[in-house]
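Asks: build me a structure from this.
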Amino acid sequence: MGDGLRLVVRALVYAVVGGTALLAIATVVSVLGPMLALDLYTPPVAAWWTVFTAIAVQGVPFLLLGTVVSAAIGAFVPERVFSRLLPRSPALAVPVAGAAGVVLPGCECASVPVAGSLMRRGVAPAAALAFLLSAPAINPVVLVATSIAFPGQPKMVLARLVASLATAVVMGWLWARFGRDEWLRPPQRNAPAAATGLRAFGAGLQHDFLHAGGFLVLGAAAAATFNLVVPRSVLDVFTGSAWLSVLLLAVLAVVLCVCSEADAFVAASLSGFPPTARLAFMVIGPMVDLKLIALQTGTFGRSFAVRFSSATWAVALTSSVLVGWWLW
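Replies: Have a look, this model is predicted:
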């Protein structure tokens, strides 16, 4: 227990220090960056610093909170709880597993091994996959972050919840109906014994925060660069067309790989795009991006990852458009 407590304390120190460092760096950069840019007579660079700082400063607290909650769930909630609570019928288990994402948060990186572990313990693959998609997309941390990123716009929070949950449930039902055993490679159990309790919490917190923090910084930099580099005339081509704008952000969500606890702040920074396009960015990102495709390939096999990711992208895009049309 002593070793576990020391590991937890060390992980918390790393996370807090890392978060504080990111905030401090972003704050200093927000002050010195524009001054340096103005000294160099490059106002666009000052604009880049402003966008980057805004995304990073707003996203880091939610990233830290999300990784703490995710690590706690993975370490202290026994996996048998899932199998006991889910109905035996896949058709009924899918919506229950999808709705569990509202109360059992987890980051998208952690959701893949959790889904594999559920399958090893007898949970129907359709239900495990529904949880895989919903947990990082509709958990409380993500929804609160979305409400802060879009102040005074409760429709955006509702739209994200409805579109993401609908995508997870539909994909679970589609797999239950059309999925084939040969497409899904049974997840392999790791040879060494897995850490448990406080040791698992400390290790998970340290890994998740450092891993997701890097993607937050890259996502913030990419969004700021996008706002700076892409000419306004090009943006007008996409923002002037509802369909093209939705497709563009749907593709960017796959490429940018922004953590779900912080992607709302990136979406909010893309203010030139219509609400439905930004909704598609937030719905697709936690379910389909390059790092998730790689994780799914390593866990379930390439045949599964190609089919499942492609179908999820199409269903998430359709769900976003339908919900956006309904609300806006």
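
Asks: and Leu290, what does it touch?
Replies: Each residue near Leu290 by Cβ atoms under 8 Å, 6 or more residues apart in numbering is listed here: 254-255, 257. Glycine gets a C-beta too; all of them are placed from N, C-alpha and C.

Asks: do you know the pLDDT at Phe52?
Replies: Here, the pLDDT recorded for Phe52 equals 76.

Asks: which residue is the nearest non-sequential neighbour of it?
Replies: Ala224 (4.1 Å; Cβ to Cβ, 6 or more residues apart in numbering).

Asks: what does Gly272 give?
Replies: Thr239 (5.1 Å).

Asks: and if you look at Pro95?
Replies: Pro95 sits nearest to Val169 (Cβ to Cβ, 6+ apart), 5.2 Å away.

Asks: what's near enough to touch that neighbour?
Replies: Applying Cβ under 8 Å, 6+ apart, the residues near Val169 are 94-95, 98, 130, 134.

Asks: tell me the SS of the residue minimising distance to the centre of the chain?
Replies: Residue closest to the mean C-alpha point of the chain, counted by Cα atoms, centre = their mean, is Ser260 at 2.6 Å. Three-state call for Ser260 (DSSP: H, G, I helix; E, B strand; the rest coil): coil.

Asks: output stretch 165-178 as PDB, nothing but the C-alphas.
Replies: Listed next in PDB are the C-alpha coordinates belonging to stretch 165-178 (Å, rounded to 0.1, in the frame of the first residue of the first chain):
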ATOM      1  CA  LEU A 165     -25.200   8.800 -28.000                       C
ATOM      2  CA  ALA A 166     -27.200   8.100 -31.200                       C
ATOM      3  CA  THR A 167     -24.000   7.200 -33.000                       C
ATOM      4  CA  ALA A 168     -22.800   4.900 -30.300                       C
ATOM      5  CA  VAL A 169     -26.200   3.000 -30.100                       C
ATOM      6  CA  VAL A 170     -26.600   2.800 -33.900                       C
ATOM      7  CA  MET A 171     -23.100   1.400 -34.300                       C
ATOM      8  CA  GLY A 172     -23.700  -1.100 -31.600                       C
ATOM      9  CA  TRP A 173     -26.900  -2.300 -33.200                       C
ATOM     10  CA  LEU A 174     -25.300  -2.400 -36.700                       C
ATOM     11  CA  TRP A 175     -22.500  -4.600 -35.300                       C
ATOM     12  CA  ALA A 176     -25.000  -6.900 -33.600                       C
ATOM     13  CA  ARG A 177     -26.900  -7.200 -36.900                       C
ATOM     14  CA  PHE A 178     -24.100  -7.300 -39.500                       C
END
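
Asks: strands along this protein, start to end?
Replies: In the chain, no segments count as strands under DSSP state E.

Asks: mind pulling up the pLDDT for the closest residue to Ala200 other than its chain neighbours?
Replies: Excluding the flanking residues, the one nearest Ala200 by Cβ to Cβ, 6+ apart is Ala75, at 3.9 Å. Ala75 is assigned 71 on the pLDDT scale.

Asks: and Ala75, how far from Leu205?
Replies: 9 Å (Cβ to Cβ, to the nearest Å).

Asks: ok, those two, which is more surrounded?
Replies: Leu205 (26 against 20; other Cβ atoms under 10 Å).

Asks: still on that earlier bit, quick one: which of the contacts of Val169 is nearest Ala264?
Replies: Of all the contacts of Val169, Ala264 sits closest to Ser134, with 16.5 Å by Cβ to Cβ.

Asks: picking that back up, got a pLDDT number for the residue nearest to Pro95?
Replies: 97.

Asks: again with the one 5 residues further on
Replies: The score at Leu174 is 96. That number is its pLDDT.

Asks: my read: it touches Ala311, true?
Replies: Yes. Taking contacts as Cβ atoms under 8 Å, Leu174 lies within contact range of Ala311: 6.6 Å.

Asks: ok, back up a step: may I ask which of the contacts of Val169 has the most neighbours?
Replies: That'd be Ala130 among the contacts of Val169, by other Cβ under 10 Å, with 33 neighbours.

Asks: which one is that residue nearest to, not counting chain neighbours?
Replies: Gly172 (3.3 Å).

Asks: so who does the one you found touch?
Replies: 90, 94-95, 97-98, 126-127, 129-130, 133.

Asks: now it: how far from Phe131?
Replies: For Gly172 relative to Phe131 (Cβ to Cβ), the value is 8 Å.

Asks: any shared contact partners between these two?
Replies: In contact with both Gly172 and Phe131: 97-98, using Cβ under 8 Å, 6+ apart.

Asks: and Gly301, how many residues sit next to it?
Replies: Gly301: 16 surrounding residues under other Cβ under 10 Å.

Asks: try Ala311
Replies: 17.

Asks: need the contact list for it.
Replies: With Cβ under 8 Å, 6+ apart, Ala311 has these contacts: 171, 174.
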